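Q: Requesting a structural model of the entry that follows:
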Amino acid sequence: MNVEDIKFMMGVFIKYRNYYFKVRTGEECLPEKRGNLEVTNDLLPQQEILFDPITKLFISHCGQNSLTETIYAVVPLICIPNSGDQFYNSSLVEHLGIGIYVLLIIKDDQGKPIRDEEGYEKRNENFQNDFRNALNEMFNNLLVKFKFLL
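A: Coordinates of the predicted model:
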């Protein structure tokens, strides 16, 4: 994920004043502590955060460990995969109705998509809209949380 995408996401987070966001990212986005947003380069205590009753949503690359811990903690997901099994896991999350898969094109230093498959870049022409819509849906749709209970 590039710096521009991260900064865009942080700008969206700040608009949700009723929620508090903790973000772990690279040093190029540090230091940052504004209102409801805390950005760090340190590891975050993932299990502690997931099992905190005030946690409403987890945004993740959706690797197997994160997916397992999040399902066990009964926390809805927004998945933004970038490699390996994360794409399959993200599709599974969306299929089960316990989260939303948001595709982000990851490009190399020359600006070419790392994954070279037909339609890959076209599917994500609107990452910013997709991400904003996913956040709105998750915060405004309690049905996602109830899917865990069925």
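
Q: in this structure, what spans have low per-residue confidence?
A: Within the chain, the set of residues satisfying pLDDT under 70 comprises 1-2, 26-32, 105-125, 142-150.

Q: all strands for it, in order.
A: Here the chain has its strands, by DSSP state E, at 21-24, 32-34, 37-40, 58-60, 77-79, 99-101.

Q: could these go into CSV alongside distance to residue 47 and mean neighbour count?
A: Just so you know, the C-beta spots here come from the backbone N, C-alpha and C atoms, and that holds for glycine as well. Output for the strands of the chain, formatted as CSV (distance: least, C-beta to C-beta, whole Å; neighbours: other C-beta atoms under 10 Å):
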stretch, distance to residue 47, mean neighbour count
strand 21-24, 14, 14
strand 32-34, 23, 11
strand 37-40, 17, 17
strand 58-60, 11, 21
strand 77-79, 15, 25
strand 99-101, 18, 25
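
Q: Which among these is found nearest to residue 46?
A: The closest of these to residue 46 is strand 58-60. By C-beta to C-beta, the value is 8.4 Å.

Q: which strands and helices sit next to the closest one?
A: Packed against strand 58-60, as judged by 3 or more C-beta pairs under 8 Å, 6 or more residues apart in numbering; DSSP states H and E, are the following elements: helix 64-72, strand 77-79.

Q: Mind listing the strands it pairs with, and their directions?
A: Applying DSSP bridges to the sheet, strand 58-60 is found paired with strand 77-79 (parallel).

Q: Distance-wise, check residue 132 relative to residue 72.
A: Separation of residue 132 from residue 72 (C-beta to C-beta, to the nearest Å): 28 Å.

Q: before we move on, back to that, of the strands of the chain, which is nearest residue 50?
A: Distances from residue 50 to each of the strands of the chain were compared using C-beta to C-beta; the shortest belongs to strand 58-60, at 6.3 Å.

Q: which other residues reach the closest one?
A: By C-beta atoms under 8 Å, 6 or more residues apart in numbering, the surrounding residues in contact with strand 58-60 are 49, 50, 66, 67, 70, 73, 75, 76, 77, 78, 79, 80.
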